[in-house]
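Participant: Just to be clear, the model below is a prediction. Sequence and coordinates:
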Protein chains: 4
Amino acid sequence: MSGNTFGTLFTVTTFGESHGPAIGCVVDGCPPGLELSEADIQLELDRRKPGTSRHVTQRQEPDTVEILSGVYQGKTTGTPIALLIRNQDQRSKDYGNITETFRPGHADFTYWNKYGIRDPRGGGRSSARLTAPVVGAAAIAKKWLKLKFGTEFKGGMTQLGDIVIPLESWGHTAANPFFAPTADQALITRLEDYMDALRKDGDSIGAKIDVVAQNVPVGLGEPIYDKLDAEIAYAMMGINAVKGVEIGAGFRCVAQKGSEHGDELTPEGFLSNNAGGILGGISTGQDITVSIAIKPTSSIRTPRRSVDKDGNPVMVETFGRHDPCVGIRATPIAEAMLALVLMDHVLRHRAQCGDVV
Amino acid sequence: MSGNTFGTLFTVTTFGESHGPAIGCVVDGCPPGLELSEADIQLELDRRKPGTSRHVTQRQEPDTVEILSGVYQGKTTGTPIALLIRNQDQRSKDYGNITETFRPGHADFTYWNKYGIRDPRGGGRSSARLTAPVVGAAAIAKKWLKLKFGTEFKGGMTQLGDIVIPLESWGHTAANPFFAPTADQALITRLEDYMDALRKDGDSIGAKIDVVAQNVPVGLGEPIYDKLDAEIAYAMMGINAVKGVEIGAGFRCVAQKGSEHGDELTPEGFLSNNAGGILGGISTGQDITVSIAIKPTSSIRTPRRSVDKDGNPVMVETFGRHDPCVGIRATPIAEAMLALVLMDHVLRHRAQCGDVV
Amino acid sequence: MSGNTFGTLFTVTTFGESHGPAIGCVVDGCPPGLELSEADIQLELDRRKPGTSRHVTQRQEPDTVEILSGVYQGKTTGTPIALLIRNQDQRSKDYGNITETFRPGHADFTYWNKYGIRDPRGGGRSSARLTAPVVGAAAIAKKWLKLKFGTEFKGGMTQLGDIVIPLESWGHTAANPFFAPTADQALITRLEDYMDALRKDGDSIGAKIDVVAQNVPVGLGEPIYDKLDAEIAYAMMGINAVKGVEIGAGFRCVAQKGSEHGDELTPEGFLSNNAGGILGGISTGQDITVSIAIKPTSSIRTPRRSVDKDGNPVMVETFGRHDPCVGIRATPIAEAMLALVLMDHVLRHRAQCGDVV
Amino acid sequence: MSGNTFGTLFTVTTFGESHGPAIGCVVDGCPPGLELSEADIQLELDRRKPGTSRHVTQRQEPDTVEILSGVYQGKTTGTPIALLIRNQDQRSKDYGNITETFRPGHADFTYWNKYGIRDPRGGGRSSARLTAPVVGAAAIAKKWLKLKFGTEFKGGMTQLGDIVIPLESWGHTAANPFFAPTADQALITRLEDYMDALRKDGDSIGAKIDVVAQNVPVGLGEPIYDKLDAEIAYAMMGINAVKGVEIGAGFRCVAQKGSEHGDELTPEGFLSNNAGGILGGISTGQDITVSIAIKPTSSIRTPRRSVDKDGNPVMVETFGRHDPCVGIRATPIAEAMLALVLMDHVLRHRAQCGDVV
């Protein structure tokens, strides 16, 4: 109820702060009998981890995961699966200057006002570092969904600042440091130059990420309030720095007529996918398509006006190691959230309607 | 868990189908001692009810509410408040032709696939009629928040199809049939002409709605998963026909730099509101600003390709009474969802951190 | 969260006060496709309703139920099933003398202290009348469990005051006004005489009720906290006036050795049932056996010492219509709670482990 | 939903198996600003830990706790508090003979049937070892309740087998290995002799435990389903091996008349406490009194009839280290559960009704 558990039947309860001893989570509700090892989880953690290129934070964290429970002789037992990741590289001194002031656009201000106390080291609990346990938990969901339905998750960056990145193929995203779904090397170079200039300026930039779930069974989602799209919106908007979420046609639907938007059906399937794979809050069996807008990082070296705890005016500039574009590492996180939503809804469907076919 | 309850501490459990005997809800968690009458609730229901202009469905429903419980001598007692609205105008014969086929863009297809059975009369449970109980429940939340914090909810239509409607003042929305925040009579006429032509064509159109909460206390929202913005996204995307949600700058943040997006602070307050009143998932005390995209109605007279229950190809055209733009009546619904989210988070804040100040 | 919803996946949200316009509930999570009519529900309500003998309250309530939603053409659709029971016989004047004072042993005192306001008419929300909606909801669960697994619920009174009632056969409970599982007519007469004398004295008495679930599938119950026995204890202790709950051997296990208590297994099944059908919080497939202790009614004509709202000493005697032994009508209620717990756990099992076999 | 989280607003999510790498929990919803150290938690863990006398299991576990999150500069921050306890003494070979068979009275049988897989080492997840994290979490609740309301938790063994132990003073429980609330040394010796004989016989025995909460604020508990007594019953019945729960007069109320049972009120307070401090599911401000029945350990050296996984008849005798009376170490666990229930209900009260006074 304090917002640290994600999901209703397949639940992920996370804990930890950016510079505390450890971060991790407890995954509950996993079906028994799934083959699971730390390597399965490490694979996804490595896609998200910092320090993989010069365009992201230089914090060095191997993000090595330990499974503490719920697996016996290589298989899940149906009991909670606890994942533990020790923090390694906590250079807290880098953050010393922000304990008394609030960074514009940062959660500093609101945590302080809500709790009357906050752990300022690396953003404490509000750090994007806390997406690691969720990515770990989602690796379990992804594996189960893949085995059961062949479900696959794909995603990448489709816009960085003003630069639109065309979606050529999800296959390209692993070949560049931006998760850009393009093989256009000139475009990649342009992105790199853009980021280099930005870093030199001590500024940051927003991005747009698209994610897709393929081979999704029909019938997932609870109508009225726990609609599948509502839960995806909740999951995505909950990712650090996200300010907008679209399903299918998204905001384009505002200017669409019904005769254009409604996806026609034939015996061979749907003829378009403005719905983004969801109608009435329930999956149609088509690809689920999601776009999210990610704001620029609030921790920048550019000096900005703010106040301190006592309300006095101050200028704030943030040193330390930060992602100049948090959108760059957001793809595996967005995929993870989508996977967790689907996993949860498969279990919810099974409860009321029996097994998903 | 089957998705018919909204909220965690201030909960609204709804029931009913478009053409069943009644619709309604049970509101649980309301603080005791609030003065409450049916008139308080009727006021909001009347803003949403059908048949108020030629641009919305002509179904005649007074939507008269009866309070069945939870109020004694004009005050809430802390026990559940049940609201009952009898359905009056159920011309089910209008829908006879759709029991065996699926309207493109409609929940017909997914309900059938999920449950193996569906109530096709008027869309059954998936009808936008089911937003009435929520609007009724939110009237209680609005009243309490107004008394406690002076919180106000405003909203209106800011785009209809291609026609952008400038936000001049929320005060204008009650003076035209579109909830348009403008006094530009020429623009209103243009909207009316547009809708008249559309209706003649048997088509429908999308819309964009903006809603704002003013005088929101600082500190609302649970970090990590039940972030205030995540819950607003969930609430909004759960409204029938919504395909996109933005908080604050929304998708504009993609092209913003950190030095532009982060709202600077002075002892007098914030200098801008790109955050839309929420940082790190917690309210800042600024206005909470939300935009939503509403798709065009799927029930249209234009014939479209589809299949029947047995998978055979059919042409579908929908007769009966429908809103040619569901966005027109969406403003009070979006306000209602925002009010319910804030109400819930006030109670959640009180639980962990003590009273909200 | 305010305690008016029972269950997690098969949920019953109740509303109403003893003397308000109506009582009822919303049942959510019911599997689709179950044949259901008002007669199915009325049958169970009639077993619980008041006024059926001179030994229970003389309030006349037909408890006629109306299904408002969730059923289409005689079958459940998977959407919420709302049940409505209008209150008929609300002689509120009978309760006039208790609005300012607290009955010893009654919820008057605690409601007042918790909420600062209470509906004193007939006990308001704390009235045992509020068990009717749950009995109605459980009729749905019973029907589904019977069809699916052949599960049956039996129960009766096994002690009234000092009078122990031997369990001869559950078949006898319908043939006397006490739900006594005996055909011993002399004993029934003794119970009747006891109750007549008690009524004349203006006093009340406790009782013990036993309930059993037969043909329960193995594997129901979540280990650690939502153990099947823990949830049964919660359900039973939540019934008005219950002060003790036992599963299987119950308090007899205190004096048992392990070599005596542990039920031995053979290829033909268990040789005893000290476990009451539950081991490690999970059903074994044996009968689930439960005993509950029900305290004497607190509303009695015997004058007793108490205080009024201002803390002044007063003598309280309660007039009006009351059950001199609330235990008499408790059997169908206890059966109902047991049915709801099992139904919920079948759905929970399906979610994580797949269908129950 | 899979039963590994206790509580609704102050939640404890546990993980771990008896012989896995670690056990622990995530505590969510703790109010910010509470001074908290590992020593606060260790104190309670030490009261429960094994190996403290010859009458309990000889497994050597220091149960050293590490706080992984949620505390900054010695104070809780409002974010999740993760507790980690590494398992040390896992002599799994002791359990080799039970992987293929089911101990009578043990969860072996039901885990296997529910999940199709189980971790047999030391009882896996069903081990009483898993009460350690809850005791740790409850130390936080106890500290907060003590500071806020002066609430104290007391408890002890009041019956071992046939031997009734009179409650002289809770102060005596720390002075003997049984948590017996007596200073009668002859009685203690009798208990020791009884246990020594039992151990020699390879058998086990049941026990009765009483716990009390003192200085409880009035008004805690949600009426109807989440009644305070219902939640206590749920919490207590969920402790390993518990088969019965009583509040206040418990089963004695069956033979009580209303004129005897109902606790009279005077301006100076209640004159008795048959209610056990709870009326209508809400705390009265009196001591909350609870009794529980604990069955004898199922792991005994006495050979017993059972079956193996394939249904073949076998004789089972359990070697390894076991508590011959699990009731002996149950007192701190029962206190812990009671503390967690009260803590949760304080937060729930604050949410709806404002701060508890």
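Facilitator: Okay, I see it. Numbering: from 1, shown residues only, chains lettered A, B, ... in the order given.

Participant: And for A:Glu231, nearest residue in space, chain neighbours not counted?
Facilitator: The spatially closest residue to A:Glu231, leaving aside those adjacent along the chain, is A:Val341, at 4.9 Å (Cβ to Cβ, 6 or more residues apart in numbering or on different chains). The C-beta positions use only the backbone N, C-alpha and C, and glycine is treated the same way.

Participant: Quick check: which element contains that neighbour?
Facilitator: According to DSSP states H and E, A:Val341 maps onto helix A:330-353.

Participant: Count the neighbours of the residue nearest to A:Glu231 for me.
Facilitator: 30 (other Cβ atoms under 10 Å in any protein chain shown).

Participant: tilt between the helix holding A:Val341 and helix C:330-353?
Facilitator: Taking axes from the mean of the first three to the mean of the last three Cα atoms, to 10 degrees, helix A:330-353 and helix C:330-353 form an angle of 140 degrees between their directions.

Participant: got the CA coordinates for helix A:330-353 in PDB?
Facilitator: The C-alpha trace of helix A:330-353 is given here as PDB (Å, rounded to 0.1, in the frame of the first residue of the first chain):
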ATOM      1  CA  ALA A 330      15.000   2.900 -20.500                       C
ATOM      2  CA  THR A 331      14.300   0.300 -23.200                       C
ATOM      3  CA  PRO A 332      14.900  -2.800 -21.000                       C
ATOM      4  CA  ILE A 333      13.000  -1.200 -18.200                       C
ATOM      5  CA  ALA A 334      10.000  -0.500 -20.300                       C
ATOM      6  CA  GLU A 335      10.100  -4.000 -21.700                       C
ATOM      7  CA  ALA A 336      10.300  -5.300 -18.100                       C
ATOM      8  CA  MET A 337       7.200  -3.300 -17.000                       C
ATOM      9  CA  LEU A 338       5.200  -4.600 -19.900                       C
ATOM     10  CA  ALA A 339       6.300  -8.100 -19.200                       C
ATOM     11  CA  LEU A 340       5.200  -7.800 -15.600                       C
ATOM     12  CA  VAL A 341       1.800  -6.400 -16.500                       C
ATOM     13  CA  LEU A 342       1.200  -9.300 -18.900                       C
ATOM     14  CA  MET A 343       2.400 -11.900 -16.500                       C
ATOM     15  CA  ASP A 344       0.100 -10.600 -13.800                       C
ATOM     16  CA  HIS A 345      -2.900 -10.600 -16.100                       C
ATOM     17  CA  VAL A 346      -2.300 -14.100 -17.300                       C
ATOM     18  CA  LEU A 347      -2.600 -15.200 -13.700                       C
ATOM     19  CA  ARG A 348      -5.600 -13.000 -13.100                       C
ATOM     20  CA  HIS A 349      -7.300 -14.500 -16.200                       C
ATOM     21  CA  ARG A 350      -6.500 -18.000 -15.000                       C
ATOM     22  CA  ALA A 351      -8.100 -17.300 -11.600                       C
ATOM     23  CA  GLN A 352     -11.500 -16.300 -13.000                       C
ATOM     24  CA  CYS A 353     -11.800 -17.800 -16.400                       C
END
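
Participant: what's the distance between it and the middle of its chain?
Facilitator: Chain-centre distance of helix A:330-353: 13 Å, with Cα atoms, centre = their mean, to the nearest Å.

Participant: any idea of the mean pLDDT for it?
Facilitator: The pLDDT scores in helix A:330-353 average 97.

Participant: Kindly spell out which helices and strands sit in contact with that helix.
Facilitator: helix A:38-48, helix A:131-149, strand A:152-160, strand A:207-214, helix A:228-237, strand A:288-294, helix B:108-115, helix C:330-353 (3 or more Cβ pairs under 8 Å, 6 or more residues apart in numbering or on different chains; DSSP states H and E).

Participant: what residues does the stretch 1-150 of chain A put near chain B?
Facilitator: A:1-6, A:8-9, A:14, A:102-111, A:113-116, A:125-126, A:130 (Cβ under 8 Å from any Cβ of the partner chain).

Participant: how far away is the nearest residue to A:His345 once chain neighbours are set aside from B:Glu17?
Facilitator: Leaving aside its chain neighbours, A:His345 sits nearest to A:Leu220 (4.2 Å; criterion: Cβ to Cβ, 6+ apart). Between A:Leu220 and B:Glu17 the computed distance is 22 Å (Cβ to Cβ, to the nearest Å).

Participant: How about the contacts made by the residue nearest to A:Glu231?
Facilitator: A:7, A:228, A:231-232, A:235 (Cβ atoms under 8 Å, 6 or more residues apart in numbering or on different chains).

Participant: you'd agree A:Gly156 is up against A:Pro181?
Facilitator: Yes - the pair A:Gly156 and A:Pro181 qualifies as a contact (Cβ atoms under 8 Å) at a distance of 3.9 Å.

Participant: Identify the contacts common to these two.
Facilitator: With contacts taken as Cβ under 8 Å, 6+ apart, A:Gly156 and A:Pro181 have A:165, A:167, A:170, A:172-173, A:210 as neighbours in common.

Participant: Settle this for me: A:Lys49 is touching A:Asp63, isn't it.
Facilitator: Yes - if you go by Cβ under 8 Å, A:Lys49 and A:Asp63 touch, sitting 4.6 Å apart.

Participant: hey, what's in contact with both of those two?
Facilitator: Common neighbours of A:Lys49 and A:Asp63, using Cβ under 8 Å, 6+ apart, are A:Ala132.

Participant: okay, the helices and strands packed on helix A:330-353, which one's buried deepest?
Facilitator: Across the helices and strands packed on helix A:330-353, averaging neighbours per residue (mean count of other Cβ atoms under 10 Å in any protein chain shown) puts helix A:228-237 on top, at a mean of 30.

Participant: so what does it touch, helix or strand wise?
Facilitator: So helix A:228-237, by 3+ Cβ pairs under 8 Å, 6+ apart, packs with strand A:242-247, strand A:278-279, strand A:288-294, helix A:330-353, helix B:228-237, strand B:242-247.

Participant: Tabulate the helices and strands packed on helix A:330-353 (CSV), appending distance to A:Cys325.
Facilitator: Below are the helices and strands packed on helix A:330-353 laid out as CSV (distance: least, Cβ to Cβ, whole Å):
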stretch, distance to A:Cys325
helix A:38-48, 14
helix A:131-149, 15
strand A:152-160, 7
strand A:207-214, 6
helix A:228-237, 17
strand A:288-294, 8
helix B:108-115, 37
helix C:330-353, 39
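
Participant: To B:Asp40, which of the ones you listed lies closest?
Facilitator: Among the helices and strands packed on helix A:330-353, the nearest to B:Asp40 by Cβ to Cβ is helix A:228-237 (27.4 Å).

Participant: Assign A:Ser259 to helix, strand or coil.
Facilitator: At A:Ser259 the chain is in helix, as set by DSSP: H, G, I helix; E, B strand; the rest coil.

Participant: So for A:Ile282, what's the nearest residue that isn't a sequence neighbour?
Facilitator: The nearest residue in space to A:Ile282 (Cβ to Cβ, 6+ apart) is B:Thr110, at 3.5 Å.

Participant: pretty sure the one you found contacts A:Gly277?
Facilitator: No - in this structure, B:Thr110 is not within contact of A:Gly277 by Cβ under 8 Å, at 10.2 Å.

Participant: Common neighbours of the two, please.
Facilitator: Residues touching both B:Thr110 and A:Gly277 (Cβ under 8 Å, 6+ apart) are A:283-284.

Participant: coming back round to it: just the ones of the shared contacts of A:Gly156 and A:Pro181 in strands?
Facilitator: A:Asp210 (DSSP state E).

Participant: Tabulate the shared contacts of A:Gly156 and A:Pro181 (JSON lines), appending distance to C:Val314.
Facilitator: JSON lines is the format used below for the shared contacts of A:Gly156 and A:Pro181 (distance: Cβ to Cβ, whole Å):
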{"residue": "A:Ile165", "distance to C:Val314": "79"}
{"residue": "A:Leu167", "distance to C:Val314": "78"}
{"residue": "A:Trp170", "distance to C:Val314": "77"}
{"residue": "A:His172", "distance to C:Val314": "82"}
{"residue": "A:Thr173", "distance to C:Val314": "77"}
{"residue": "A:Asp210", "distance to C:Val314": "71"}
